[in-house]
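Chemist: Coordinates for the following, if possible.
(2 chains, ligands or ions: 2)
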Amino acid sequence: MKPSGFSTLLYKEVLRFWKVGFQTVAAPVLTALLYLLIFSHVLEAHVQVHGVPYTAFLIPGLVMMSVLQNAFANTSSSLIQSKVTGNIVFVLLPPISYHEFYLAYVLAAVVRGLVVGSGVLLVTCWFAPLQFAEPQWIIVFAVMGGAILGSLGVIAGIWADKFDQLAAFQNFLIMPLTFLSGVFYSIASLPVFWQQVSHWNPVFYMIDGFRHGFFGVSDASPWTSLAVVSVCLVILASFTLNLLKRGYKLRA
Amino acid sequence: MSVAIRIQQVSKRFGTVQALDGVDLDIQQGEFFGLLGPNGAGKTTLISALAGLTRADGGKISVMGHDVQTDYRAARRQLGVVPQELVFDPFFSVRETLKIQSGYFGIDGNDDWIDEILENLDLTSKANANMRTLSGGMKRRVLVAQALVHRPPVIVLDEPTAGVDVELRQTLWRFIRRLNEDGHTIVLTTHYLEEAESLCTRIAMLKAGRIVALDTTASLLRSFSTHTLRLRTNGSLPAALVAGSGQSGGWWSLPFDRFDEVEPLLAKIRAVGCVIDDLEIGKPDLEEVFVRVMQGQGRNP
Ligand SMILES: Nc1ncnc2c1ncn2[C@@H]1O[C@H](COP(=O)(O)OP(=O)(O)OP(=O)(O)O)[C@@H](O)[C@H]1O
Ligand SMILES: [Mg+2]
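Modeler: Ligands and ions are numbered 1, 2, ... in the order given. Modelled structure (predicted):
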């Protein structure tokens, strides 16, 4: 098949993280495994969610959290590195349209998310019996969640001029959104006020819908989650495409 | 001849700095064109606007007839740019870098041409080395190679010889000259004026974002610079000549335009019994033109 700007950029972005797979895949898998060991050790005996043992409940949450965080990390770190080192010109000089640019970066982020997510699933699934009740939801939410966080990573990578600005974006937006989304607990266990707040967090729907694929039960209906996640993706994609079209910061 | 690059009334401001101030310039196909100017004159900004790396505030630019904004894909396919900054992607080897760059232009299996470029830039032995392990000059060569993967009809080199050894400079210029002879349009910026003088057929000089001189190299040399007869003597020159001469370090310098003026000058010196110990003839050079243009015309930045 003849390469295009899009396919080459996608290939290059995938190769980029794959070449340093120890940092970009193995390390996040290990982190997720540690979370699992610690939390399940502390909570397994005390907690059941939706009639599911705690460890089994936790695993899909950790998988999805890894998908999301790594999708964000892939686009944002690639773009900021290219900007800081200046090699971003190599992708700005060729006839690559802004649509191709967006799709290539975001798809590579989804690939990284899925690779890490599969890795996490592979090392954690031995610790508890998992079901795959409605697997189509697993795929749908993993891909869409990865695309959303990949888009956020594009925005952050374009906007940030320095690594510490990127770190701020990550620490003050991405981390709270993912940690406060029901990775480690069911929001049904929260006080009513915090349940309400969680319903405003789009990451909650990604994780809830993803988990529904495993157990067939969830806090919200998967269709509601799908609607929320789709709207988020459309908004973020349009926003990012518009930034790219205007050449915001990249072609200043 | 038809136009390779057409720049019309292009302006660009960064904050309070007017980097480009209404630049008009046509470069014909097949030209070897020099873009000269002091640091901060706006050369790189003009190239960035041409390459779509920055958006001009006003004006229009086209490459081989394609507008760089509205028809950017066609325009970029026609253009190869060697950036001034020494940039590279540390994740890849030289060959990977060049294959990926070919892919961005939709070119598959470009190996023969890549091999030829590597050969011509003396990079064959480094083809599989990681970019990180190359010396500065070698990285610069890879930048040149990257600009050429898609065989662009228009090639722009922004100070390609900064920090490059003599041997590579010669290799590089031999290769670029050959590309020019094959019909590629070349645009070059450099601070080595002798390089520009020997390579470029036409030159634009930029100062504070404006073109302050634009002509063929030959006629710039003719109109702004003269020949000089430089002498060391054991006595003083005849009074009539001292008036129009300069003196420094024991050398007299006498300007002249045509070679048939030399004999009468020497005759006048002999007539007063002055003996010449040493003599050389200085040709007009671009450095002198450059200095005069920058002092004379144009505004101060
Ligand atoms: N991204 C930018 N932000 C702010 N100012 C800029 C930017 N790029 C260029 N400038 C300013 O625009 C002016 C022209 O810069 P430019 O890089 O085009 O000069 P140049 O002729 O290429 O100089 P040199 O010979 O040093 O490479 C300078 O005053 C520079 O400081
Ligand atoms: Mg410059």
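Chemist: all strands for chain B, in order.
Modeler: Under the criterion DSSP state E, strands of chain B are mapped to B:3-14, B:17-28, B:32-36, B:58-63, B:66-67, B:79-82, B:154-158, B:185-189, B:202-207, B:210-216, B:227-233, B:246-248, B:251-256, B:276-282.
Chemist: I'd like to know which of these has the weakest mean confidence.
Modeler: Among these, strand B:246-248 carries the lowest mean pLDDT, a mean of 81.
Chemist: ok, and the helix or strand in chain A with the lowest average confidence?
Modeler: Taking mean pLDDT, DSSP states H and E as the measure, chain A has strand A:48-49 as its least confident helix or strand, at a mean of 80.
Chemist: Between the strands of chain B, which one is closest to residue B:47.
Modeler: Smallest distance to residue B:47 across the strands of chain B (C-beta to C-beta): 5.3 Å, for strand B:154-158. For every residue, glycine as well, the C-beta is placed using N, CA and C.
Chemist: If you count neighbours, what's buried in the closest one?
Modeler: B:154, B:155, B:156, B:157, B:158 (16 or more other C-beta atoms under 10 Å in any protein chain shown).
Chemist: and what of stretch B:136-154?
Modeler: Result for stretch B:136-154 [16+ other C-beta under 10 Å]: buried residues B:137-154.
Chemist: Spatially, what comes nearest to the closest residue to chain A within the stretch 201-301 of chain B if we skip its sequence neighbours?
Modeler: Using C-beta to the nearest C-beta, the closest approach of the stretch 201-301 of chain B to chain A is made by residue B:209 at 16.9 Å. Closest residue to residue B:209 apart from its sequence neighbours, by C-beta to C-beta, 6 or more residues apart in numbering or on different chains: residue B:21 at 3.8 Å.
Chemist: what about that neighbour, distance to chain A?
Modeler: Separation of residue B:21 from chain A (C-beta to the nearest C-beta, to the nearest Å): 18 Å.
Chemist: Likewise for residue B:114?
Modeler: For residue B:114 relative to chain A (C-beta to the nearest C-beta), the value is 14 Å.
Chemist: That residue: how many residues sit nearby?
Modeler: 23 (other C-beta atoms under 10 Å in any protein chain shown).
Chemist: for it, what are its contacts?
Modeler: By C-beta atoms under 8 Å, 6 or more residues apart in numbering or on different chains, the contact set of residue B:114 is B:95, B:98, B:99, B:102, B:145, B:149.
Chemist: What of residue B:285?
Modeler: By C-beta under 8 Å, 6+ apart, the neighbours of residue B:285 are B:193, B:194, B:197, B:221, B:225.
Chemist: ok, the first one touching residue B:37?
Modeler: If I follow you right, that is residue B:193. No. Residue B:193 lies out of contact with residue B:37 (C-beta atoms under 8 Å); the separation is 11.3 Å.
Chemist: Looking at these two now, which is surrounded by more residues?
Modeler: residue B:37 (25 against 18).
Chemist: quick one, phi/psi of that one?
Modeler: Backbone torsions of residue B:37, given as degrees, to the nearest 10, read phi 160, psi 160.
Chemist: residues from the stretch 1-150 of chain A in reach of ligand 1?
Modeler: By C-beta under 6 Å from any ligand atom, no residue of the stretch 1-150 of chain A approaches ligand 1.
Chemist: measure residue B:7 to ligand 2 for me?
Modeler: Between residue B:7 and ligand 2 the computed distance is 16 Å (C-beta to the ion, to the nearest Å).
Chemist: Tell me which residues touch the nearest residue to that residue once chain neighbours are set aside, please.
Modeler: Leaving aside its sequence neighbours, residue B:7 sits nearest to residue B:25 (C-beta to C-beta, 6+ apart; 4.3 Å). Listed by C-beta under 8 Å, 6+ apart, the contact set of residue B:25 reads B:5, B:6, B:7, B:204, B:211, B:214.
Chemist: and the helix ranked longest in chain B, what does it pack onto?
Modeler: Using DSSP state H to assign secondary structure, the helix with the most residues in chain B is helix B:166-181. Contact here means 3 or more C-beta pairs under 8 Å, 6 or more residues apart in numbering or on different chains; DSSP states H and E; on that basis helix B:166-181 packs against helix B:136-148, strand B:154-158, strand B:185-189, helix B:193-199.
Chemist: In chain A, what residue lies closest to ligand 1?
Modeler: residue A:252 (6.3 Å; C-beta to the nearest ligand atom).
Chemist: For that residue, the count of nearby residues, please.
Modeler: Neighbours of residue A:252 (other C-beta under 10 Å): 10.
Chemist: and residue A:149, what does it touch?
Modeler: A:67, A:68, A:69, A:71, A:72, A:109, A:113, A:174.
Chemist: buried ones in whichever strand or helix holds residue A:119?
Modeler: For residue A:119, the host element (DSSP states H and E) is helix A:98-124. Neighbour-count burial for helix A:98-124, counted by 16+ other C-beta under 10 Å, picks out A:98, A:100-121, A:124.
Chemist: likewise stretch B:244-252?
Modeler: Within stretch B:244-252, the residues that count as buried by 16+ other C-beta under 10 Å are B:245, B:251, B:252.
Chemist: May I see the residues you listed arranged in TSV, with distance to residue A:237 as well?
Modeler: As requested, those are arranged in TSV below (distance: C-beta to C-beta, whole Å):
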residue	distance to residue A:237
B:245	74
B:251	72
B:252	75
